[in-house]
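Trainee: dropping a prediction and its sequence here:
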Amino acid sequence: MKVKNILFLILLYFVWFPVFADLPKSVINGVVTSEEGEPIEFAVVSVGKSQQSTMTNEKGEYALTLSQGKHHLRFYHLNFVKSEQIIFLSNGERKKCNIVLKENTNTLSEVVVKGKSEKEEIETKGFAVHVIETQKMSLQSVQTNELLDRTAGVRVRQNGGLGSATNYNLNGMSGNSVKIFVDGIPVSTYGASFSLNSIPPSLIERIEIYKGVIPAHLSDDALGGAINVTLKKGMRNTLTASVLYGSFNTQQANFNTLFRDKKTGFTVKASGFYNYSDNDYEVWGKFVRNILPNGRYDYVRAKRFNDAYKSVGGRMELGFTNVKWADRFYIGYNGSDAYNEIQHGTYMSIPYKGRHTDAQAHVFSLDYKKTNIAVNGLEFTLNGVHSRRKEVVTDTVKWNYNWFGEMSLGLDGNPILRPSGAQQGAPTLNHINRNVTTVRAGLNYDIHRNHRIILNHIFYNIDRTQQDFMRSAVERDFIGTRDLQKNITSLAYEIKAFNGKLTTTLFGKYYQQEIAKMDPVLKAVEGQNVRVEETIDSRKDARGYGLAVSYTVLPRLLLLTSAERAVRMPSEGEVFGSPGENIVENTGLRAEISDNLNIGFKAGPFPAGKHQLDVAASVFIRDTKDKIVQRINPRLNDAVQTDPFENLGKTKSKGFELELNYTYAKNLNVALNMSGFNSVFNIPYDANGREYDYYNKQLPNEPFFTMNGMVKYILYNIVQKRSTLNLYYDCGFVESFHTTWLELGDFKVPRQFIQNIGLSYLFPNKKFVVSFDVKNIFDRQAYDNFAVQKAGRAFYLKLNYTINSF
């Protein structure tokens, strides 16, 4: 028998055996509420001494499928007194059991419950995923991108300080291969003024980082990975606010509030943020040099002088929660505005002055969710977002500048003009308008407790127009249009078997993208110039599929594996260009396809008295065809540094991740992670049979080995009773890497080891927190995308205040 037939039979066994071996018999369901009638979310419902358990949803609902007979139910929640109930079920019976829990006003001793948290549920489904819970981290003076950068296998690449252009590297896959979502909606819908640069951790519930294999419910062409930011959705009436001030005149403020009327379910959510920084930190080294009138290089230490950033935004949602016709229904508006100065092009060799972007976004949204719609076990979700985004790229200064912010002088003592009339090419006052519509609809159907079907579809449409007001009126009549439309459908089947020890998810995806480009031109027709519209229309489609499996071998040992044939269509910015990021268009880009594989395990916690250790490790492969990357230009001193994206050909990445987490009692926590990969160009010969110079060489501009460490120590009752003092230290190591294919010293980023320290003090009322952080305590040189230098030593003070109920 052929190997593929054997594999098919094994797969068929795992899919269908649980259907017949574990058919549903009887069902017990109900609602867990407080004495005030409020539903209790995350209450654990367990059955006798078995491993069977579940957790209540946001409406306090639970459901268990059991055999006939007598069952002993236990209901747990850390804030309530435990309750127990004896029930009897006959074969095929459906019985309701509602429970009211009393609030626990006493100090709780340590309680061990068997139910899984949301983080554990996500991390044990077989996908290579890491979940960051931000509740504690949000008290520190830390940005959302910094939280991501400390995670194994994740490297955040920035072109400067706060607010600068950012891309994310997950296991060697970067750029638009990694998709960013906010509550499952692509963040590109919201525009540059609402991004992970501007969303503070205090507004975030958790961050899910998927590597290589993407679950069906996100349903986007995320070939290398996905980062899904889940904003806070608690049901308590709360108000949280924080302010921060630090080095480089960095100022940040944000608030988050929620009000819900218990009788009607009417709910109001509001949040807002403000970010500002001069980003005038010092830069120095081989990439920071002034060109003297005689052509010699003068290496200097100077401050960035054209890198300020400001963003302000607000979000308001009105609707109803936990009502008969909806679990959640919101109509929302999100408005944001950003100003961002651009200090240089791709490299730091030529500083700019006066080049900046202004961005605005007006976003309207609809969010609906209903469980048990039409039939029990059927869940429907609908998210619709329409945004009107405006961006203005301004570049009109014609003089050349050095790193001191002074005009560069020639041998004759006169200021030097830029070769094309502005800092980056010709003078421009480019207004770019985008209308973006994203609709995501999903159906989840629980056939019974071990089987779930997931159907998801996402529609994405962007219409883009632009007008450069530095051009003449005649030229502006010849401005083209750019449209892109994308549809992605995904179908998944999730199976749990052997008392929940085995979880298997099979999924398939269909991708379809249409691009329309129109450029008006003058053509000679019968001796006369006639305006003619030249159009390019293209349609691409592709199919992908995958599998994710987890198996609990021992109570403290979980094996995970996942694989996917992943597809990514070229994005709007890659196809049509992005003037604000120095990217020119390339409409000939092909879809990127990658065969991704992850194999790993999670072990622990292993307790030994007050000590506890967790270990996780994985290996991965990314075999990619037509990888889409920004063209590498080795000419650092080019006057115009604009590069398109291009298809690189065939590449392959192999790597590993390792995570260790140690805790002692409730005081000490030590975490260490490391990640390494070898990402190489994998085509030996070109079309003419000539061997490529860079065959089997590491791809440039990729930090291929990183390590992160964290130590946190908690002291209780310091200065005041019931207060908490958190002391923390973290560090990050990045191995040296090249920025171009030319393996020369000038194109090599040096090895980096950056260390940070901080503390936070929680006052006895549990409402007020003060934190103080020192970043890069030894003022080491820190580099990032294309050897762009990041900030040195910096100090930050942050104040947090929370009103838990009103």
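Mentor: Here it is on my side, so go on.
Trainee: OK, contacts around the residue nearest the centre of the chain?
Mentor: Nearest residue to the geometric centre of the chain (Cα atoms, centre = their mean): Ile227, 2.7 Å. When contacts are counted by Cβ atoms under 8 Å, 6 or more residues apart in numbering, Ile227 is found next to Leu148, Tyr168, Val178, Lys179, Ile180, Phe181, Leu196, Ile207, Glu208, Ile209, Tyr210. For every residue, glycine as well, the C-beta is placed using N, CA and C.
Trainee: tell me which helix or strand the second one sits in.
Mentor: Under DSSP states H and E, the secondary-structure element containing Tyr168 is strand 166-170.
Trainee: what lines up beside the helix or strand following that strand in the sheet?
Mentor: Elements were assigned by DSSP H and E; along the chain past strand 166-170, the next helix or strand is strand 178-182. Looking at strand 178-182 with DSSP bridges, its partner strands are strand 185-186 (antiparallel), strand 225-231 (parallel).
Trainee: what's the angle between strand 178-182 and strand 166-170?
Mentor: Relative orientation of strand 178-182 and strand 166-170, computed by axes from the mean of the first three to the mean of the last three Cα atoms, to 10 degrees: 110 degrees.
Trainee: could I get the CA-only coordinates of strand 178-182 as PDB?
Mentor: The C-alpha coordinates for strand 178-182 follow below in PDB (Å, rounded to 0.1, in the frame of the first residue of the first chain):
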ATOM      1  CA  VAL A 178       2.900  39.000   8.900                       C
ATOM      2  CA  LYS A 179      -0.700  40.400   9.300                       C
ATOM      3  CA  ILE A 180      -1.800  42.600  12.200                       C
ATOM      4  CA  PHE A 181      -5.400  42.400  13.400                       C
ATOM      5  CA  VAL A 182      -7.400  44.400  15.900                       C
END
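Trainee: which residues does it contact?
Mentor: Strand 178-182 is contacted by residues 167-170, 186-188, 190, 195-196, 199, 214, 218, 220-222, 224-229, 231 when judged by Cβ under 8 Å, 6+ apart.
Trainee: stretch 363-382 too?
Mentor: The contact list for stretch 363-382, computed with Cβ under 8 Å, 6+ apart, reads 57, 59, 61, 63, 183, 185, 189-191, 194, 317, 319, 325-336, 383-388, 439-448.
Trainee: who's in contact with Gln343?
Mentor: Listed by Cβ under 8 Å, 6+ apart, the contact set of Gln343 reads Gly160, Asn279, Arg304, Phe305, Asn306, Asp307, Pro351, Tyr352.
Trainee: helix, strand, or coil at the closest residue to it other than its chain neighbours?
Mentor: Leaving aside its chain neighbours, Gln343 sits nearest to Asp307 (4.3 Å; criterion: Cβ to Cβ, 6 or more residues apart in numbering). Going by DSSP: H, G, I helix; E, B strand; the rest coil, the secondary structure assigned to Asp307 is coil.
Trainee: Asp307: neighbour count?
Mentor: Asp307: 27 surrounding residues under other Cβ atoms under 10 Å.
Trainee: any idea how far Phe763 is from it?
Mentor: Note on Asp307: its distance to Phe763, by Cβ to Cβ, to the nearest Å, is 36 Å.
Trainee: cool, and Glu118?
Mentor: Distance of Glu118 to Phe763, given as Cβ to Cβ: 28 Å.
Trainee: same question, Leu668
Mentor: Taken as Cβ to Cβ, the span from Leu668 to Phe763 is 23 Å.
Trainee: do Leu502 as well
Mentor: For Leu502 relative to Phe763 (Cβ to Cβ), the value is 47 Å.
Trainee: quick check on the two: which one has the bigger neighbour count.
Mentor: Remark: of Leu502 and Phe763, Leu502 carries more neighbours, 19 against 15, as counted by other Cβ under 10 Å.
Trainee: what lies in contact with the helix or strand encompassing Glu121?
Mentor: In this assignment (DSSP H and E), Glu121 forms part of helix 118-123. The contact list for helix 118-123 (Cβ under 8 Å, 6+ apart) reads Phe42, Val129, His130, Val131, Glu133, Arg206, Glu208, Lys602.
Trainee: for stretch 314-334, same thing?
Mentor: Applying Cβ under 8 Å, 6+ apart, the external contacts of stretch 314-334 come out as 39, 57-59, 190, 194, 233, 235, 260, 264-273, 313, 335-336, 361-371.
Trainee: then stretch 753-762?
Mentor: For stretch 753-762, contacts defined as Cβ under 8 Å, 6+ apart pick out 139-141, 718, 723-733, 768-778, 780, 782.
Trainee: give me that answer again for 6 Å
Mentor: Applying Cβ atoms under 6 Å, 6 or more residues apart in numbering, the set of residues contacting stretch 753-762 from outside is 139-140, 724-733, 769-777, 780, 782.
Trainee: just give me how far it sits from the chain centre.
Mentor: Distance, stretch centre to chain centre, for stretch 753-762: 23 Å (Cα atoms, centre = their mean, to the nearest Å).
Trainee: so for it, what gets flagged as buried?
Mentor: For stretch 753-762, the buried set under the neighbour-count rule, 16 or more other Cβ atoms under 10 Å, comprises Ile754, Gln755, Asn756, Gly758, Leu759, Ser760, Tyr761, Leu762.
Trainee: which pLDDT value does the model give the first one?
Mentor: Okay, so that is Ile754. For Ile754, the model assigns a pLDDT of 94.
Trainee: element containing it?
Mentor: Ile754 belongs to strand 752-762 when assigned by DSSP H and E.
Trainee: chain center to that strand, what's the gap?
Mentor: For strand 752-762, the distance to the chain centre is 23 Å (Cα atoms, centre = their mean).
Trainee: quick one: the helices in the stretch 401-550 of the chain, in order.
Mentor: 473-476 (DSSP state H, counting those that start in this stretch).
Trainee: flag the shaky bits of it, pLDDT-wise.
Mentor: For the stretch 401-550 of the chain, applying pLDDT under 70 flags no range at all.
Trainee: can you give me the strands in it?
Mentor: Taking DSSP state E, counting those that start in this stretch, the strands of the stretch 401-550 of the chain run over residues 428-448, 451-468, 481-497, 502-525, 528-554.
Trainee: and among the ones you listed, the most buried is which?
Mentor: Most buried of the strands of the stretch 401-550 of the chain by mean neighbour count (mean count of other Cβ atoms under 10 Å) is strand 481-497; its value is a mean of 20.
Trainee: what is that strand packed up against?
Mentor: strand 451-468, strand 502-525 (3 or more Cβ pairs under 6 Å, 6 or more residues apart in numbering; DSSP states H and E).
Trainee: ok, it: who's next to it in the sheet?
Mentor: Strand pairing for strand 481-497, using DSSP bridges, gives strand 451-468 (antiparallel), strand 502-525 (antiparallel).
Trainee: report the angle between the last one and strand 528-554.
Mentor: Pointing back at strand 502-525 there. Going by the same axes, to 10 degrees, strand 502-525 makes 170 degrees with strand 528-554.
Trainee: from the chain's centroid, how far away is strand 502-525?
Mentor: When distances are taken as Cα atoms, centre = their mean, strand 502-525 is centred 23 Å away from the chain's centroid.
Trainee: output it as CSV - backbone C-alpha positions only.
Mentor: Only the C-alpha atoms of strand 502-525 are listed here, as CSV (Å, rounded to 0.1, in the frame of the first residue of the first chain):
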residue,chain,number,x,y,z
LEU,A,502,-6.3,15.1,21.4
THR,A,503,-7.3,18.2,19.6
THR,A,504,-7.2,18.2,15.8
THR,A,505,-8.1,21.1,13.4
LEU,A,506,-8.3,20.6,9.6
PHE,A,507,-8.8,23.6,7.5
GLY,A,508,-8.9,24.9,3.9
LYS,A,509,-8.7,28.4,2.5
TYR,A,510,-9.6,30.0,-0.8
TYR,A,511,-8.0,33.3,-1.8
GLN,A,512,-9.1,35.7,-4.6
GLN,A,513,-7.8,39.2,-5.4
GLU,A,514,-8.5,41.7,-8.1
ILE,A,515,-6.4,44.7,-9.0
ALA,A,516,-7.5,47.6,-11.2
LYS,A,517,-5.1,50.4,-12.3
MET,A,518,-6.0,53.4,-14.5
ASP,A,519,-3.5,56.0,-15.8
PRO,A,520,-4.6,58.7,-18.2
VAL,A,521,-2.1,59.5,-20.9
LEU,A,522,-1.8,61.7,-24.0
LYS,A,523,-1.7,59.8,-27.3
ALA,A,524,-1.4,61.2,-30.9
VAL,A,525,-4.5,60.3,-32.8
